[in-house]
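**Student:** quick check, what structure comes out for this input:
(one chain, ligands or ions: 1)
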Amino acid sequence: MKPDPTAVSAAAYRLRAQSDEPLCAYLYDLAHLRDHARRLVSSLPDGCELFYAVKANSDAPVLRALADTVHGFEVASGGELAWVRSHCPGTPVVFGGPGKTDAELEAAIAAGVECLHVESLGELRRLAWLAGGAGKKVAVLLRINLALADLPQTSLTMGGRPTPFGVDAQQLPQVLAWLNRHPQVVLRGFHFHLLSHQLDADAHLRLLQVYLQQVAIWQRQYRLEIDQINVGGGIGINYREPDRQFAWERFSRGLATLMADAAPGRCRIRFELGRYVSASCGYYLMQVLDIKRNLGRRFVIARGGTHHFRTPYAQGHSHPFRILPVESWHYPFARPEVERSRVDVVGQLCTPKDVLASAVYVERLRVGDLLLFTYAGAYAWHISHHDFLRHPHPRQIYLSLSQEGRHVAVQ
Ligand SMILES: Cc1ncc(COP(=O)(O)O)c(C=O)c1O
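**Tutor:** Residues are numbered from 1 along each chain as shown. Below you'll find the model as predicted:
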């Protein structure tokens, strides 16, 4: 899953040569994305499926690159549903997320989504009423929040403690009794998504073991005929130490053992991963505009900023980048540069929060050089406040492999 920036760097230099305007762009390596997704799918044990959580990056070329590889897409709004249906009409879709409106539930029923992930009894009631009105049966998973004293600690937890997400496991008897009286809603299984940013494969296996064991208990206790457990997303990217990523091979081997030991009979295990699928295919490119010293600290100011690429601020890390040196310099004065120093890389916004990397050591960096931020393909452009200050949007370049094996830009 390690990104290989060779093709993207070459494309960055090509872009640089096209204009004298300071450069700012997102570049996506779709060949890498496809390979990575294929590897994930093929290494999962039998009985597992990989859906892609499109909230991580729903760009049409990204979805098209994944559509034939993953088992389906997870959407979390009516907007995502309509978008996915228009760009990848044949791909199976599941619909989750809190606060679904009647219009969204109706759209999901009309679109024939494979399954809805229900967040509360109130939502279930509205869904049953709407499905009845449409004369349709709908399949659901109940998203459950389990109280877990020893939930692995990550920087983002959506459950294990009081949160707005999912049905409290203690309400399950009441919800199951209600489902028994409403045959227009068919319970297919359970959904869990208790955390994101999981970097520890063993801890994630232990969490999945808790899910599987819990579902097996419910299956026996309530004589449920279910066929699916959705274990959510949540596998993280190690932005702080990019060479130490989640041990996927170890995880998939452990998962095979876990399924043999603990999977409740006849249940498929479905993942809906976002970040781990698309982060490594994306790059954010900024050109250095200025280098200066201010009260003893060195600042590198580059074209763009957190209004395009909010990931480092959102996660509180220094985002990894590499320097692509640019040789041309057309001003009649010396080129500002910094050597063997620690620098803060900031963007163009009028806020001290516009920081992409801080106190990072650089051997040599000059005004005009390019900074290529890696792991920028998930929760990057899509979570950013694009129009703050009305700077131009970055260019969006999608690279795919031509039949001759060359990386070319596609739409
Ligand atoms: C319900 C649900 N599923 C899947 C995901 C994808 O998570 P990740 O990108 O961490 O894999 C999220 C992210 O918030 C989510 O809320």
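
**Student:** get me the contact residues on the protein for the ligand.
**Tutor:** 53, 56, 74, 96, 193, 196, 232-235, 272-276 (C-beta under 6 Å from any ligand atom). (C-beta placed from N, C-alpha, C; glycine too.)

**Student:** same thing but at 8 Å, please
**Tutor:** Contact residues, the chain versus the ligand (C-beta under 8 Å from any ligand atom): 53, 55-56, 74, 76, 96-97, 117, 143, 156, 158, 165, 191, 193, 196-198, 232-236, 272-277, 378-379.

**Student:** residue contacts, whichever residue of the stretch 1-150 of the chain sits closest to the ligand?
**Tutor:** Closest contact between the stretch 1-150 of the chain and the ligand, by C-beta to the nearest ligand atom, is at A53 (3.6 Å). A53 is in contact with 73-74, 76, 233, 272-274, 277, counting by C-beta atoms under 8 Å, 6 or more residues apart in numbering.

**Student:** closest one of those to A60?
**Tutor:** Nearest to A60 out of these is F73 (C-beta to C-beta; 12.2 Å).

**Student:** ok, of the residues of the chain next to the ligand, which come out buried?
**Tutor:** Among the residues of the chain next to the ligand, those scoring as buried are 53, 55-56, 74, 76, 96-97, 117, 143, 158, 165, 191, 193, 196-198, 232-236, 272-277, 378-379 (criterion: 16 or more other C-beta atoms under 10 Å).

**Student:** any idea which helix is longest in the chain?
**Tutor:** With secondary structure taken from DSSP state H, the chain has its longest helix at helix 201-222.

**Student:** who does that helix touch, helix- and strand-wise?
**Tutor:** helix 172-180, strand 185-191, strand 228-230, helix 248-262 (3 or more C-beta pairs under 8 Å, 6 or more residues apart in numbering; DSSP states H and E).

**Student:** point out where the stretch 101-250 of the chain drops to low pLDDT.
**Tutor:** 149-159 (pLDDT under 70).

**Student:** looking at it, which residue is nearest the ligand?
**Tutor:** In the stretch 101-250 of the chain, no residue comes nearer to the ligand than G233, which is 2.4 Å away by C-beta to the nearest ligand atom.

**Student:** a strand runs through that residue, doesn't it?
**Tutor:** No. In this structure, G233 is coil, not part of a strand, as judged by DSSP: H, G, I helix; E, B strand; the rest coil.

**Student:** compute the first-to-last residue distance for stretch 387-403.
**Tutor:** 38 Å (C-alpha to C-alpha, to the nearest Å).

**Student:** contacts for it, please.
**Tutor:** Here stretch 387-403 makes contact (C-beta under 8 Å, 6+ apart) with 7-8, 11, 15, 24-31, 59, 61-62, 65, 284-285, 304-305, 307-308, 348-350, 381, 386, 407-411.

**Student:** filter those down to the buried ones, PyMOL style.
**Tutor:** In PyMOL, a selection of the buried entries from the contacts of stretch 387-403 looks like this (16+ other C-beta under 10 Å):
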select buried, resi 7+8+11+15+24+25+26+27+28+29+30+31+59+61+62+65+284+285+304+305+307+308+348+349+381+407+409
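
**Student:** just the contacts of stretch 387-403: which are in strands?
**Tutor:** Counting by DSSP state E, these place 24-29, 284-285, 407-410 in strands.

**Student:** reformat these as CSV; add distance to F251 and pLDDT.
**Tutor:** Output for the ones in strands among the contacts of stretch 387-403, formatted as CSV (distance: C-beta to C-beta, whole Å; pLDDT from 0 to 100):
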residue, distance to F251, pLDDT
C24, 36, 98
A25, 33, 98
Y26, 29, 98
L27, 29, 98
Y28, 25, 97
D29, 23, 97
Y284, 28, 98
L285, 31, 98
H407, 30, 83
V408, 34, 86
A409, 34, 87
V410, 32, 85
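
**Student:** hey, where'd the helices end up in the stretch 1-150 of the chain?
**Tutor:** Here the stretch 1-150 of the chain has its helices, by DSSP state H, counting those that start in this stretch, at 6-18, 30-43, 60-67, 78-87, 102-111, 121-134.

**Student:** right, so those helices: which one is the most enclosed?
**Tutor:** Of all the helices of the stretch 1-150 of the chain, helix 60-67 carries the top mean neighbour count, a mean of 20, counting by mean count of other C-beta atoms under 10 Å.

**Student:** helices or strands up against it?
**Tutor:** Going by 3+ C-beta pairs under 8 Å, 6+ apart, helix 60-67 lies up against helix 30-43, strand 72-75, helix 78-87, strand 395-401.

**Student:** tabulate those in JSON lines, adding columns for distance to V175 and mean pLDDT.
**Tutor:** Output for the helices and strands packed on helix 60-67, formatted as JSON lines (distance: least, C-beta to C-beta, whole Å; pLDDT from 0 to 100):
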{"stretch": "helix 30-43", "distance to V175": "32", "mean pLDDT": "97"}
{"stretch": "strand 72-75", "distance to V175": "22", "mean pLDDT": "98"}
{"stretch": "helix 78-87", "distance to V175": "24", "mean pLDDT": "98"}
{"stretch": "strand 395-401", "distance to V175": "43", "mean pLDDT": "94"}
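
**Student:** export the ones you listed to JSON lines and append columns for distance to S252.
**Tutor:** Formatted as JSON lines, the helices and strands packed on helix 60-67 follow (distance: least, C-beta to C-beta, whole Å):
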{"stretch": "helix 30-43", "distance to S252": "4"}
{"stretch": "strand 72-75", "distance to S252": "19"}
{"stretch": "helix 78-87", "distance to S252": "26"}
{"stretch": "strand 395-401", "distance to S252": "26"}
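
**Student:** and G99, what does it touch?
**Tutor:** Residues near G99 by C-beta under 8 Å, 6+ apart: E119.

**Student:** tell me which residue lies farthest from the centre of this structure.
**Tutor:** P332 (45.5 Å; C-alpha atoms, centre = their mean).

**Student:** what about that residue, which SS state?
**Tutor:** Each residue gets one of three states, and P332 gets coil by three-state DSSP.

**Student:** next, it: phi, psi?
**Tutor:** The phi/psi pair for P332 (degrees, to the nearest 10) reads phi -90, psi 30.

**Student:** so for it, what's the pLDDT?
**Tutor:** Confidence at P332, expressed as pLDDT, is 97.

**Student:** does the closest residue to the ligand within the stretch 301-411 of the chain count as helix, strand or coil?
**Tutor:** Using C-beta to the nearest ligand atom, A378 is the residue of the stretch 301-411 of the chain that sits closest to the ligand, at 6.4 Å. Recorded secondary structure, A378: coil (three-state DSSP).
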